[in-house]
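K.L.:
quick one, what's the 3D model for this:
(one chain, ligands or ions: 1)
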Amino acid sequence: MSDSIVKVNNLVKRYKEKIAVDNFSLELKKGEILGLLGPNGSGKTTTINCILSLLSFNKGEIMIFDKEMSPKAYDIKSKIGVVPQNVAVMNTLNVYENVDFFCGLYIKDKNKRRRYVEEALEFTGLSDYKKYKPKKLSGGLVRRLNIACGIAHKPSLIIFDEPTVAVDPQSRNAILEGIKEMNRAGASIIYTSHYMEEVEEICSRIIIMDHGKKVAEGTANDLKNSLKIRESICIGMPAINEDIIKDIKGINHVYDAKYSEGELVISLDGGEHNLVHVLEYFNEKNLPFGHVQTKLPTLNDVFLEITGKELRD
Ligand SMILES: Nc1ncnc2c1ncn2[C@@H]1O[C@H](COP(=O)(O)OP(=O)(O)OP(=O)(O)O)[C@@H](O)[C@H]1O
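P.N.:
Below you'll find the model as predicted:
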């Protein structure tokens, strides 16, 4: 078997006139956490649902564990864990029974199943809530239950579709740590999100989507290193004249300098010790200034440079 876990080739999915996924390809290799990052409506969930054969598609090919995926490929499905965007648990069952139900779809041996359910509850921090019905849990704990149900059968491929939407910071951190732990334990993971900080924190590789298309792919560093602007320096100033802006534009590696609303923003295309050079100039000219802040590029800057718009909602 190759080390390819999921391979999507030239996927096209239309909803009537609307093209939701447009010739999209991806490959998840063994041991990776692949991040699918894109704004709302960019096609992430549609792609995931096509990968899982929950949706039919118009064109393309989907291989999982080197086999063609199809709605009846039960041998493949038994090795996949899914944590859907919309919480999918049963309100009439308590926490333990929910996890036991989902685990029981794949694990028939009762003793093994009991152990797996206990491990999933422990892993998601739900051991103290076994008897609780979902309606009695906080939003963050329900999300953790959703995860426990998706991963209890110890799948080797796990797909998370925006698992931290509307989750408090403590549960969010627990979820992200848990995902890293599952990966260390051997699971290969696809993680969709529109939160760039999360994707950057946990993913070994990132694909950025927009309008159903792949617009960029690489590690977070690859993507940021591809930018023209590599650093920005923001300096608070009461006023500035055009000659000074012209001088600053002449400093080594300065790509642009703009002043608005009491702040000068200097963009740089590389170099080292840029702040020192800029402040030396300020000193030399005896220019008054307030706050000074340097900013490194983010994945939002990558998205902005490629698409001309912000990744954030
Ligand atoms: N059942 C449907 N019928 C018609 N259009 C749909 C349907 N489901 C999704 N779409 C459209 O397809 C596009 C992609 O949607 P999708 O839900 O895959 O995006 P997403 O990146 O997962 O967004 P979100 O983060 O909001 O879930 C959107 O324009 C959406 O409105």
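
K.L.:
how many residues are close by M182?
P.N.:
By other Cβ atoms under 10 Å, the residues close to M182 number 21. In this view, the C-beta of every residue, glycine as well, is placed from N, C-alpha and C.

K.L.:
so it touches S188, yeah?
P.N.:
No: M182 is not in contact with S188 according to Cβ atoms under 8 Å; the separation is 9.7 Å.

K.L.:
intersection of neighbour lists for the two?
P.N.:
Common neighbours of M182 and S188, using Cβ atoms under 8 Å, 6 or more residues apart in numbering, are I158.

K.L.:
okay, which residue is most central for the protein?
P.N.:
Residue closest to the mean C-alpha point of the chain, counted by Cα atoms, centre = their mean, is V199 at 3.2 Å.

K.L.:
how far does the helix or strand containing that one sit from the chain's center?
P.N.:
According to DSSP states H and E, V199 maps onto helix 196-202. Computed by Cα atoms, centre = their mean, to the nearest Å, the chain-centroid distance of helix 196-202 equals 6 Å.

K.L.:
after it comes which helix or strand?
P.N.:
In N-to-C order, the element after helix 196-202 by DSSP H and E is strand 205-210.

K.L.:
who's in contact with that next one?
P.N.:
Counting by Cβ under 8 Å, 6+ apart, 24, 26, 32-39, 42-44, 47, 199-200, 214-220, 223, 299, 302-303, 306-307 sit against strand 205-210.

K.L.:
quick one, longest helix in the chain?
P.N.:
Identified as the longest helix of the chain according to DSSP state H is helix 169-184.

K.L.:
CA-only coordinates of it in PDB, if you can.
P.N.:
Taking only C-alpha atoms (Å, rounded to 0.1, in the frame of the first residue of the first chain), the coordinates of helix 169-184 have been written out as PDB:
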ATOM      1  CA  PRO A 169     -11.800  28.900  24.500                       C
ATOM      2  CA  GLN A 170     -11.200  26.100  27.100                       C
ATOM      3  CA  SER A 171     -13.000  23.500  25.100                       C
ATOM      4  CA  ARG A 172     -11.500  24.800  21.900                       C
ATOM      5  CA  ASN A 173      -8.000  24.200  23.300                       C
ATOM      6  CA  ALA A 174      -9.000  20.800  24.600                       C
ATOM      7  CA  ILE A 175     -10.300  19.900  21.100                       C
ATOM      8  CA  LEU A 176      -7.100  21.100  19.300                       C
ATOM      9  CA  GLU A 177      -4.800  19.300  21.800                       C
ATOM     10  CA  GLY A 178      -7.000  16.100  21.400                       C
ATOM     11  CA  ILE A 179      -6.600  16.300  17.600                       C
ATOM     12  CA  LYS A 180      -2.800  16.600  17.900                       C
ATOM     13  CA  GLU A 181      -2.800  13.600  20.300                       C
ATOM     14  CA  MET A 182      -4.900  11.500  17.900                       C
ATOM     15  CA  ASN A 183      -2.500  12.300  15.100                       C
ATOM     16  CA  ARG A 184       0.500  11.300  17.300                       C
END
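
K.L.:
on that earlier part again, and the helix holding V199, what's buried?
P.N.:
By neighbour count on 16 or more other Cβ atoms under 10 Å, the buried set for helix 196-202 is 196, 198-202.

K.L.:
next, format those as a markdown table and append pLDDT and distance to T124.
P.N.:
Formatted as a markdown table, the buried residues of helix 196-202 follow (pLDDT from 0 to 100; distance: Cβ to Cβ, whole Å):
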| residue | pLDDT | distance to T124 |
| --- | --- | --- |
| M196 | 89 | 25 |
| E198 | 92 | 17 |
| V199 | 93 | 21 |
| E200 | 92 | 23 |
| E201 | 92 | 19 |
| I202 | 95 | 16 |
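
K.L.:
show me where the stretch 151-300 of the chain has strands.
P.N.:
Taking DSSP state E, counting those that start in this stretch to define them, one finds strands in the stretch 151-300 of the chain at 157-161, 188-193, 205-210, 213-218, 231-236, 254-260, 263-268, 292-295.

K.L.:
reformat the ones you listed as CSV; add distance to D128, mean pLDDT and mean neighbour count.
P.N.:
Below are the strands of the stretch 151-300 of the chain laid out as CSV (distance: least, Cβ to Cβ, whole Å; pLDDT from 0 to 100; neighbours: other Cβ atoms under 10 Å):
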stretch, distance to D128, mean pLDDT, mean neighbour count
strand 157-161, 24, 96, 23
strand 188-193, 27, 96, 24
strand 205-210, 35, 96, 23
strand 213-218, 41, 96, 16
strand 231-236, 46, 95, 18
strand 254-260, 53, 94, 15
strand 263-268, 49, 95, 20
strand 292-295, 42, 94, 13
